[in-house]
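>>> Let me see the structure of the following:
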Amino acid sequence: MNERILDFFTKDALEAARANNTYRTLRHISSPEASHVTIAGKDTVLLASNSYLDLANVPELKQAMADAVLEWGTGSGGARLTTGNKTPHDELEEFIAKFKGEEAAIAFNTGYMANVGTISALCGKNDFIFSDELNHASIIDGIRLSRAKCFVYKHNDMADLERAIEAAKAEFFAQSASASAALNDAGNAKQVARPFRGLIVTDAVFSMDGDLANLPELLRIAKAHGVLLMIDEAHATGVLGRTGRGLAEHYNCEHADVTVGTLSKAVAAEGGFVAGSKQLIEFLKNKSRSFIFTTAMAPAVAAAALRNLQFIDAHPERVQQLRDNVKFFCDALRLHGLQVPQTESAIIPIIIGDEAKALRISETLQNEGVLIPAIRYPTVAKGQARLRASLMATHTKEELQTAATAIAQIIKSTN
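Okay, here's the model as predicted:
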């Protein structure tokens with residue numbers, strides 16, 4: 001290996017990350033994902049998991065996946081459009097569509113692939129995308145891959161979104177008029193007018209702040225301006241709404257044109273999905289590169305995701321337990337004088353500010369048996385480092401109270 005050339009590509013970046021307190025390392029957890037985990041031989045309360053309903057260790061769900069492996073084997077053997085499509089994939093997509101109240105659905109190997117593949121398939125270099133400034137990296141990367149013109153609007157600012165759409169329309173029609181005049185001057189045949197095509201895309205729950213997109217207003221704006229609306233329900237599926245069906249159930253309103261989600265968070269399996277009209281799903285099967293050019297998820301994984309979704313469908317009380325825990329924990333933090341938002345998701349940000357201080361607090365908490373990672377730049381803006389608590393339905397009130405007390409005491413005692 002040419003270490004000198006490798007240093008040229010990597011060394012400065014790693015040294016800068018260490019100097020700026022943004023260097024990252026992997027944490028070794030030697031037990032399954034649950035409300036308690038084992039780290040370095042120590043029992044630790046896990047307040048940092050996206051497995052919001054704590055389904056990964058439900059005995060009947062583990063057994064269902066084991067049975068699926070025995071029936072379907074450990075891999076799929078091919079892409080979905082060649083030999084990889086199996087009964088569990090079709091059954092999963094049918095249930096996702098039913099669960100989300102849509103005509104059809106398509107499963108991807110990850111939620112990241114769902115976002116990247118959908119955005120880059122729907123939009124091209126002549127189109128316009130309107131993206132919330134706090135959208136997830138997978139949305140940002142999908143926009144980059146599409147080569148569409150992107151307008152970033154202020155976080156959850158509907159007036160700024162409308163301003164961005166009007167600016168994009170003005171730019172589009174000015175360019176169209178200029179191109180048409182040039183063609184006419186050249187004596188060419190009359191140009192066929194190309195319509196304005198726009199896509200609003202937003203997270204449903206913003207992963208670092210825990211706040212919600214304003215779906216009713218987004219629907220109104222999309223309809224008024226003749227653009228599509230896409231939402232990513234990665235942190236909403238299984239969490240929002242009375243039965244965990246997501247943002248539309250939470251607001252009791254219509255669905256977006258395109259609904260993306262993941263099967264790896266509250267559903268506690270693996271994979272991503274898109275739900276919407278039959279025409280949309282057929283389009284993605286034919287045009288989404290991250291669907292077409294990848295080996296399908298293992299059939300046993302698809303079967304496990306289906307079984308876990310069915311469990312959520314049959315146990316809405318699990319969603320209510322999660323909601324009760326979030327309220328209890330936020331109230332406990334406030335009683336200790338900490339400022340936390342009134343969240344309706346399972347994500348509670350505790351803003352620290354300084355990156356080094358956030359790291360020290362997180363490390364001290366872990367030593368005390370509470371795991372809440374420090375989230376730092378570039379995941380959040382510089383100077384906005386935070387502890388990001390995320391709860392499970394199975395946390396007890398006693399351990400949440402104990403954790404809230406420890407968090408408050410350590411924050412107040414750390415310089």
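
>>> Against which helices or strands is the helix or strand harbouring Asn115 packed?
Per DSSP states H and E: Asn115 is located in helix 111-122. Here helix 111-122 touches helix 137-146, strand 198-203, strand 228-232, strand 258-262, strand 272-276, helix 278-287, helix 289-292, going by 3 or more Cβ pairs under 8 Å, 6 or more residues apart in numbering; DSSP states H and E. Placement of C-beta: from N, CA and C, glycine included.

>>> okay, these in TSV with mean pLDDT, distance to Gly337 and mean neighbour count next?
TSV is the format used below for the helices and strands packed on helix 111-122 (pLDDT from 0 to 100; distance: least, Cβ to Cβ, whole Å; neighbours: other Cβ atoms under 10 Å):
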stretch	mean pLDDT	distance to Gly337	mean neighbour count
helix 137-146	97	34	20
strand 198-203	98	30	26
strand 228-232	98	34	26
strand 258-262	98	35	27
strand 272-276	98	40	27
helix 278-287	98	48	16
helix 289-292	98	46	19
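
>>> Output those in JSON lines, with distance to Glu399 appended to each entry.
Formatted as JSON lines, the helices and strands packed on helix 111-122 follow (distance: least, Cβ to Cβ, whole Å):
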{"stretch": "helix 137-146", "distance to Glu399": "32"}
{"stretch": "strand 198-203", "distance to Glu399": "29"}
{"stretch": "strand 228-232", "distance to Glu399": "31"}
{"stretch": "strand 258-262", "distance to Glu399": "27"}
{"stretch": "strand 272-276", "distance to Glu399": "31"}
{"stretch": "helix 278-287", "distance to Glu399": "42"}
{"stretch": "helix 289-292", "distance to Glu399": "39"}
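
>>> pLDDT value on the nearest residue to Asp141 once chain neighbours are set aside, please?
Excluding its sequence neighbours, the residue lying closest to Asp141 (Cβ to Cβ, 6 or more residues apart in numbering) is Val116, at 5.5 Å. If you check Val116, the pLDDT there is 98.

>>> thought Val116 was touching Phe293?
No: using Cβ atoms under 8 Å, Val116 is not in contact with Phe293; the gap is 11.9 Å.

>>> the more surrounded of these two?
Each of Val116 and Phe293 has its neighbours counted (other Cβ atoms under 10 Å); Val116 has more, 26 against 10.

>>> residue contacts, the more buried one?
By Cβ atoms under 8 Å, 6 or more residues apart in numbering, the contact list for Val116 reads Ser138, Asp141, Gly142, Leu145, Ser290.

>>> and the fourth one, what is it in contact with?
Leu145 makes contact with Val116, Ile119, Ser120 under the criterion Cβ under 8 Å, 6+ apart.

>>> Now the residue most central in space within the chain, what are its backbone angles?
The centroid of the chain falls nearest to Ala234 when counting by Cα atoms, centre = their mean (3.6 Å). For Ala234, the backbone dihedrals are phi -50, psi -50 (criterion: degrees, to the nearest 10).

>>> got a list of what the closest residue to it other than its chain neighbours touches?
Leaving aside its chain neighbours, Ala234 sits nearest to Thr262 (4.4 Å; criterion: Cβ to Cβ, 6+ apart). When contacts are counted by Cβ under 8 Å, 6+ apart, Thr262 touches Thr110, Gly111, Ala114, Ala234, Thr237, Gly271, Gly272, Phe273.

>>> And Thr394, by the same measure?
Per Cβ under 8 Å, 6+ apart, neighbours of Thr394: Ala34, Ser35, Asp54, Gln321.

>>> Would you check these and say which has the weakest pLDDT?
Among the contacts of Thr394, Ala34 has the weakest pLDDT, 88.

>>> mind listing what it touches?
Applying Cβ under 8 Å, 6+ apart to Ala34 gives the contacts Leu46, Ser51, Asp54, Ala56, Asn57, Met392, Thr394.

>>> How about Asp132?
Val152, Tyr153, His155, Asn156, Val201, Thr202, Asp203, Phe206, Ala213.

>>> what's the spacing between it and Tyr112?
From Asp132 over to Tyr112 the distance is 17 Å, taken as Cβ to Cβ, to the nearest Å.

>>> for Asp203, same thing?
Relative to Tyr112, Asp203 is positioned 13 Å away (Cβ to Cβ).

>>> likewise Ile165?
27 Å.

>>> can you give me the angle the helix holding Asn115 makes with helix 137-146?
Interaxial angle, helix 111-122 versus helix 137-146 (axes from the mean of the first three to the mean of the last three Cα atoms, to 10 degrees): 30 degrees.

>>> quick one: helix 111-122 to strand 258-262, angle?
Taking the same axes, to 10 degrees, one finds helix 111-122 and strand 258-262 inclined to each other by 160 degrees.

>>> just the angle between helix 111-122 and strand 272-276, please?
40 degrees.

>>> Name the next helix or strand following helix 111-122 along the chain.
By DSSP H and E, the next helix or strand past helix 111-122 is strand 128-132.

>>> Each with direction, which strands does that next one pair with?
Taking DSSP bridges as the criterion, strand 128-132 forms sheet pairs with strand 149-153 (parallel), strand 198-203 (parallel).

>>> so what secondary structure elements neighbour the helix or strand just after the longest one?
Read it as strand 198-203. Sequence order places helix 215-225 as the next helix or strand after strand 198-203, per DSSP H and E. In terms of contacts (3+ Cβ pairs under 8 Å, 6+ apart), helix 215-225 is packed against helix 158-185, strand 198-203, strand 228-232, helix 247-251.

>>> that older thread, I'd like the contacts of Thr262 as TSV, with distance to Ala332 appended.
Shown next, in TSV, are the contacts of Thr262 (distance: Cβ to Cβ, whole Å):
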residue	distance to Ala332
Thr110	34
Gly111	31
Ala114	36
Ala234	27
Thr237	27
Gly271	35
Gly272	34
Phe273	35
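
>>> among those residues, which two are most distant?
Spatial extent of the contacts of Thr262 (Cβ to Cβ) is set by the pair Thr110 and Thr237 at 14.3 Å.
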